[in-house]
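Enquirer: could you work out the structure for the sequence below:
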Amino acid sequence: MTKNNTFQISEIFASLQGEGQFAGMPVIFVRFAGCDLECAFCDEGGMLGSNPHPAKMTAADIVTRCEDLANSLYPNIVLTGGEPTMHLRNKEATAELQLALSGCHVAIETNGHFPVPPWVDWVTWSPKDDMIHHRLAPNEIKMLMDSDGDVYGDMTPQETQAFAETVSEGTDAPPPVLFMQALTYDDQTDSDLSVQHALAFVRENKAWRLGQRLHVQLGLK
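Expert: Residues are numbered from 1 along each chain as shown. Down below sits the predicted model:
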């Protein structure tokens with residue numbers, strides 16, 4: 001959440017985007033602390049977050065940190081979490097962040113529960129349940145396949161695909177890109193099973209692509 005126009009930030013770091021349409025692109029991740037859900041596999045650690053003492057940062061602080069990391073990467077920013085949109089409901093603070101990030105390509109990764117600011121350039125939606133904000137219009141959708149061949153969350157791939165087909169209705173925008181991504185486990189055998197199930201799914205469902213985790217393959221953060 002925001003307080004006095006600050007954001008609760010778990011970490012800011014430079015890496016490669018490892019997932020989705022922009023996999024392989026150098027980016028800076030701005031990881032917001034905490035979420036309204038608690039998923040066991042979350043990089044941030046669910047509701048409380050993995051960082052018990054997140055930094056309170058203004059929009060200017062966030063941009064300064066991004067510039068310090070790598071100027072050449074600065075134009076590509078990914079807002080992630082946790083759940084970043086949960087922290088972007090303070091209109092004044094969010095307007096300051098929009099101004100601070102003007103000129104950047106800003107992507108966001110969201111569970112779809114809260115509105116996404118209209119100035120965000122690219123929206124990745126990873127559905128975990130059937131709660132969908134009425135203005136959600138993702139550019140790509142990522143679902144997760146486990147080692148038993150089950151898709152994580154309450155929505156089925158068919159329901160998700162049906163929603164995707166409504167997003168671009170009446171517009172010139174292309175429909176969201178659909179990714180089925182294998183969950184990564186500590187046990188390599190389980191990870192391999194997830195990949196096999198995800199591969200089988202995309203072979204049988206031509207509208208979907210296999211999602212990857214390039215950063216994991218390369219040993220990056």
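Enquirer: quick one: least confident helix or strand in this structure?
Expert: In the chain, no helix or strand scores lower on mean pLDDT, DSSP states H and E than strand 2-3, which sits at a mean of 50.
Enquirer: so who does the closest residue in space to Thr6 that isn't next to it in sequence touch?
Expert: With sequence-adjacent residues excluded and distances taken as Cβ to Cβ, 6 or more residues apart in numbering, Thr6 is closest to Lys56, at 4.2 Å. Where C-beta positions appear, they are placed from N, C-alpha and C, glycine not excepted. Neighbour list for Lys56: 3, 6-9 [criterion: Cβ atoms under 8 Å, 6 or more residues apart in numbering].
Enquirer: against Asp43, how distant is Phe111?
Expert: Heads up, residue 111 is Asn, not Phe. Distance, Asn111 to Asp43, by Cβ to Cβ, to the nearest Å: 13 Å.
Enquirer: tell me what the longest strand anywhere in the chain is packed against?
Expert: What stands out as the longest strand in the chain, according to DSSP state E, is strand 6-16. Where contact means 3 or more Cβ pairs under 8 Å, 6 or more residues apart in numbering; DSSP states H and E, strand 6-16 is packed against strand 26-32, strand 55-57, helix 59-69, helix 91-100, helix 214-217.
Enquirer: nearest to Leu79, of those?
Expert: strand 26-32 (5.3 Å; Cβ to Cβ).
Enquirer: buried ones in that closest one?
Expert: 27-32 (16 or more other Cβ atoms under 10 Å).
Enquirer: reformat the residues you listed as CSV; add pLDDT.
Expert: Formatted as CSV, those follow (pLDDT from 0 to 100):
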residue, pLDDT
Val27, 94
Ile28, 95
Phe29, 96
Val30, 97
Arg31, 96
Phe32, 95
